[in-house]
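Student: Following is a predicted model, sequence given first.
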Amino acid sequence: MLKILAPLILLLGPIQPAAAATFDVTTERAGRDGAFMRINFGVKSNADRLAHSIFVDCTAFDSSQAPVNTGTGVIKNIQPGEKAFGTVNMRFETDMKSASCRFSHASY
C-alpha cells in the first residue's frame, strides 16, 4: 500500500492537519449563475509559512437551512498574512437559498 501512495505523496506534498484557527474562512457571496450555484469564499492565512494548497468545503442550504449540496474549492500558494479568494461551483438544486464555507485541510 505504501508503494502505491509514495508517488502520490511526492507529487502532492505532505498533507498536514492544520488548526482551523490558522486559516480564517469567510463566505463572501453565493448566488445562482444559470444551472450552477456559485459560492465565493475568502481565506486569510495566519500560518507561519507558505501553504501550497488550502482546501475549503462549502455547503448550500435551502430555505429551512437543510443542506442541499456541497462542494470543495482550493486556493494555491498563499503566503502568511495574505488573503486570497476562491470559488466553488455546484449544480443548482431546487430552493438553494444560502451557503456556508469552512476550512477542510492544507498542504505545506
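Tutor: Ah, there it is.
Student: Provide the strand pairings for the helix or strand containing residue 43, with the direction of each partner.
Tutor: Using DSSP states H and E, residue 43 sits in strand 36-45. The pairing partners recorded for strand 36-45 under DSSP bridges are strand 23-33 (antiparallel), strand 83-91 (antiparallel).
Student: What are the phi and psi values at the most centrally placed residue in the chain?
Tutor: With distances taken as CA atoms, centre = their mean, the chain has residue 56 as the residue nearest its mean C-alpha position (1.4 Å). When read as degrees, to the nearest 10, the backbone of residue 56 gives phi -130, psi 130.
Student: Can you tell me how far it is from residue 94?
Tutor: Taking CB to CB, to the nearest Å as the measure, residue 56 falls 24 Å from residue 94. C-beta coordinates here come from the backbone N, C-alpha and C atoms, glycine included.
Student: With just CA atoms, put the one helix or strand residue 100 maps to into CSV.
Tutor: Using DSSP H and E, residue 100 maps to strand 98-107. Below are the C-alpha coordinates for strand 98-107, written out as CSV (Å, rounded to 0.1, in the frame of the first residue of the first chain):
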residue,chain,number,x,y,z
SER,A,98,-27.7,30.3,1.4
ALA,A,99,-24.3,28.9,1.7
SER,A,100,-21.5,28.4,4.3
CYS,A,101,-17.8,27.6,3.9
ARG,A,102,-15.3,26.1,6.3
PHE,A,103,-11.7,25.1,6.3
SER,A,104,-11.0,21.5,5.4
HIS,A,105,-7.3,20.9,5.3
ALA,A,106,-4.0,22.3,4.0
SER,A,107,-0.7,21.1,2.5
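Student: That one versus strand 83-91: what angle between them?
Tutor: Angle, strand 98-107 to strand 83-91, by axes from the mean of the first three to the mean of the last three CA atoms, to 10 degrees: 120 degrees.
Student: Low-confidence bits of the protein, can you list those?
Tutor: For the chain, the stretches with pLDDT under 70 are 1-21.
Student: Fine, thanks again, bye for now.
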